[in-house]
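Enquirer: Structure for this input, please:
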Amino acid sequence: MSPTFRALSSRNYRIYITGSIFSNTGTWMQRVAQDWLVLQLTHSGTALGITTGLQLLPALLFSPIAGVVADRVPKRTVLRFTQVAMALPAALLGVLAVTGVVQIWQVYLLAFLFGIGTAFDAPARQSFVVEIVGKDDLANAVGLNSASFNVARMIGPAVAGVLIAALGSGARAAGWVILVNALSYVAVLISLQRLDGRLLKPSPVTGTRKRAVREGVAYVRSRPDLILILCCVFFIGTFGMNFQMTSALMATEVFHKGAGEYGILASIMAVGSLAGALLAARRNKPRLSFVVLAGAAFSLVEIASGLMPTYLTFAAVLPLLGLCALTMVTSANAMIQMTSSPMMRGRVSALYLMIFLGGTPFGSPLIGWVGETFGARWMLIGGGAVSFVGIVAGTAWYAHRQGEFAWRPRRLRTRTVQIDQDDLILAD
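Expert: The predicted structure follows:
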């Protein structure tokens, strides 16, 4: 089998990724439909930013707890509960929109509740992959996960845009698309049920230890390489990767397009994102330098995208933007998973997601305000500039911490965190 797809040799992984593709397609359909619903209700970029921020706020509030849950409770069990926790708010929002009674405060509330389910789902889902394929194929599986996510990203927004346009382009049309996402979680539940438990490689469960969150934070603080990764993903996630909001406002405010053209933009970007995920999947051992350089390239391309004069030129640069973004994110995720202790993997994944997504509740309203005040183009130009400066500053700190001022790729140096005797017994 090709090195790019070697994780697919695992039957369990084939079942798992198939369910994920269906669910991710529904998720992308809801993202487009929810944004369109907010614009129909408010015609406000700030409201769009608030909705995005509220949906991602639980990642900031609950990720440390979610990481502890992922380390304490079998991850397959956690994932069963989180699918239901995400399906219910989606179903309720869809019903409210279809019946014509939806109000913006209800969208805000349900976006927040949906985000709670996502906050507990993400660390369990990410750290479950190694239990399916083992550490040898982990980097490849992480890349293929991102590839499947972006296949869904290519399909979902385009289908959502066509459906919304075909159903009348109003709030009710968006509601029907959101209901499709509510049904898509059934696919994940079926895939989890069909996994062969005998082939899984479960990580040791930590039990009901006190100070579990504090230990996870201490472990990350002892690893300068992890801190630099978190710095990169914080700036990119907070100020750079606001695609659903920036694309919506660029399509409607700058280029004066409708729902169909907006959906196409997301799908076009997904082409580059898919290429970036597959590129990362081919790398057995992603390097820290690769993460940093991909993040810097993303920042510069984002600035360039904000300067594009027409809808077609803007669409043309989006694949490169998606490639840089997914190359960085997938490589960062693989490094987090591969270099973290199995005892800490759930908590480190949760901190990674908290940093990556948790800044968005603050960044999205700010970026939305910039777009409403100075124009949509400045959302991209400003977000790219802040991301670039943040990555350069983080790299300079890492170089200083490692005792060198001319940063170059090198072997990662790690320090260990003292662990209790119970941890050593579990590790054996």
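Enquirer: Quick check: L144 touching F5?
Expert: Yes: with contact defined as Cβ atoms under 8 Å, L144 counts as touching F5 (6.9 Å). Yep, even glycine has a C-beta here, placed from its N, CA and C like the rest.
Enquirer: neighbour-wise, which of the two wins?
Expert: Taking other Cβ atoms under 10 Å, L144 and F5 do not tie; L144 has more neighbours (26 against 15).
Enquirer: That one: what secondary structure?
Expert: Per DSSP: H, G, I helix; E, B strand; the rest coil, the secondary structure class of L144 is helix.
Enquirer: quick one: it from G363, how far?
Expert: The spacing between L144 and G363, counted by Cβ to Cβ, to the nearest Å, is 29 Å.
Enquirer: what does S148 give?
Expert: As judged by Cβ to Cβ, S148 and G363 stand 27 Å apart.
Enquirer: again, but for I264
Expert: For I264 relative to G363 (Cβ to Cβ), the value is 25 Å.
Enquirer: Show me which of the two is the more surrounded one.
Expert: Using other Cβ under 10 Å as the criterion, I264 and G363 rank with G363 on top: 24 against 20.
Enquirer: That one touches T238, doesn't it?
Expert: Yes: G363 lies in contact with T238 (Cβ under 8 Å); the separation is 3.7 Å.
Enquirer: What separation is there between Q337 and K201?
Expert: 13 Å.
Enquirer: cool, and G368?
Expert: G368 is 43 Å from K201, by Cβ to Cβ.
Enquirer: How about A111?
Expert: Going from A111 to K201 by Cβ to Cβ gives 36 Å.
Enquirer: These two: who's more crowded?
Expert: A direct count of neighbours by other Cβ under 10 Å for A111 and K201 places A111 higher, at 22 against 12.
Enquirer: Now do the same contact list for that one.
Expert: Q34, T51, T52, L54, Q55, P89, L93 (Cβ atoms under 8 Å, 6 or more residues apart in numbering).
Enquirer: please redo it, this time with the cut-off set to 7 Å
Expert: When contacts are counted by Cβ atoms under 7 Å, 6 or more residues apart in numbering, A111 touches T51, L54, Q55.
Enquirer: What of G156?
Expert: Contact analysis of G156 by Cβ under 7 Å, 6+ apart lists T25, W28, M29.
Enquirer: How about A266?
Expert: V32, R153, P157, S247.
Enquirer: so the last one touches G263, yeah?
Expert: Translated: S247. No: S247 is beyond contact range of G263, at 9.4 Å (criterion: Cβ atoms under 7 Å).
Enquirer: quick one: the helices in the stretch 251-400 of the chain?
Expert: Ranges of helices within the stretch 251-400 of the chain are 259-281, 288-306, 311-339, 345-358, 360-374, 377-401, based on DSSP state H, counting those that start in this stretch.
Enquirer: which one of those lies closest to D225?
Expert: Closest approach to D225 among these (Cβ to Cβ): helix 288-306, 5.6 Å.
Enquirer: Return the angle between stretch directions for that closest one and helix 377-401.
Expert: On the basis of axes from the mean of the first three to the mean of the last three Cα atoms, to 10 degrees, helix 288-306 is oriented at 160 degrees to helix 377-401.
Enquirer: now for helix 288-306, which elements pack on it?
Expert: If contacts are counted by 3 or more Cβ pairs under 7 Å, 6 or more residues apart in numbering; DSSP states H and E, helix 288-306 sits against helix 224-235, helix 311-339, helix 377-401.
Enquirer: Would you format those as JSON lines with mean pLDDT, mean neighbour count and distance to Q83 included?
Expert: Shown next, in JSON lines, are these (pLDDT from 0 to 100; neighbours: other Cβ atoms under 10 Å; distance: least, Cβ to Cβ, whole Å):
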{"stretch": "helix 224-235", "mean pLDDT": "88", "mean neighbour count": "23", "distance to Q83": "25"}
{"stretch": "helix 311-339", "mean pLDDT": "84", "mean neighbour count": "23", "distance to Q83": "21"}
{"stretch": "helix 377-401", "mean pLDDT": "90", "mean neighbour count": "19", "distance to Q83": "32"}
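Enquirer: now those helices as CSV including distance to L274?
Expert: As requested, these are exported to CSV (distance: least, Cβ to Cβ, whole Å):
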stretch, distance to L274
helix 224-235, 20
helix 311-339, 8
helix 377-401, 21
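Enquirer: Ok, which of those comes nearest I104?
Expert: Nearest of the helices and strands packed on helix 288-306 (Cβ to Cβ): helix 377-401, 20.9 Å.
Enquirer: what's that closest one in contact with?
Expert: Applying Cβ under 7 Å, 6+ apart, the contact partners of helix 377-401 are 224, 228, 231-232, 235-236, 239-240, 242, 246, 249, 254, 292, 295-296, 299-300, 302-303, 305-306, 367, 370-371, 405, 407.
Enquirer: do you know how far V38 is from G272?
Expert: 26 Å.
Enquirer: what about these two, which has more around it?
Expert: V38 (26 against 22).
Enquirer: could you list every residue that touches that one?
Expert: Contacts for V38 (Cβ under 7 Å, 6+ apart) come out as A47, L48, T51, V107.
Enquirer: Farthest pair within these?
Expert: Greatest spacing in the contacts of V38, by Cβ to Cβ: L48 and V107 (10.3 Å).
Enquirer: Compare the two (neighbour count), which wins?
Expert: Neighbour totals were compared for L48 and V107, and L48 leads with 28 against 24 (other Cβ under 10 Å).
Enquirer: mind listing what that one touches?
Expert: D35, V38, L39, M245, A248, G368.
Enquirer: Relative to L79, how far out is the nearest residue to V301 once chain neighbours are set aside?
Expert: In this structure, V301 finds its nearest non-sequential neighbour in L321, 4.9 Å apart by Cβ to Cβ, 6 or more residues apart in numbering. Distance from L321 to L79, counting by Cβ to Cβ: 31 Å.
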